[in-house]
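> Have a look at this prediction, sequence included:
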Amino acid sequence: MTDPLVEQVAMDRPRQRFKLLDDTGFKEVPKKYRKFYRHWKGAGDSLAPNEVLCPVCKVVIRSSRELRVGDRVYCMPCMSRLVIGEGENGRLEATVRY
Ligand SMILES: [Zn+2]
């Protein structure tokens with residue numbers, strides 16, 4: 001279990017890939033997983049195409065691939081399984097998958 005992106009929807013077009021080289025300083029998970037998470041900085045912060053906010057613990061989940069509606073992601077800090085949908089103003093939004 002490495003990248004939080006555990007299941008992708010149909011590959012209808014190629015996905016942009018992202019290099020996650022930096023340690024984001026997110027100390028809540030073991031060092032080798034830190035690049036996959038970061039703290040949400042609140043108003044003024046924004047999400048990249050490979051990032052989505054966990055609705056449970058409010059941590060930003062980062063994948064090495066662009067995220068899309070229908071993808072399933074895993075949030076290690078709170079152990080939630082999430083599915084990505086489309087929120088208000090077209091932004092990606094994760095919800096808990098039961
Ligand atoms: Zn979480």
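Received the coordinates, thanks. Numbering: from 1, shown residues only.
> Which strand runs longest in the protein?
strand 80-86 (DSSP state E).
> Can you tell me the strand partners of that one and which way each runs?
strand 72-75 (antiparallel), strand 92-96 (antiparallel) (DSSP bridges).
> closest to the ion out of these?
Between the ion and the strands paired with strand 80-86, the shortest gap by CB to the ion is with strand 72-75, which sits at 3.3 Å. C-beta coordinates here come from the backbone N, C-alpha and C atoms, glycine included.
> Please pull out the lowest mean pLDDT helix or strand from the chain.
Lowest by mean pLDDT, DSSP states H and E among the helices and strands of the chain is strand 5-7, with a mean of 92.
> and residue 7, how far is that from residue 18?
Residue 7 sits 18 Å away from residue 18, going by CB to CB, to the nearest Å.
> out of these two, which sits in the busier spot?
residue 18 (16 against 11; other CB atoms under 10 Å).
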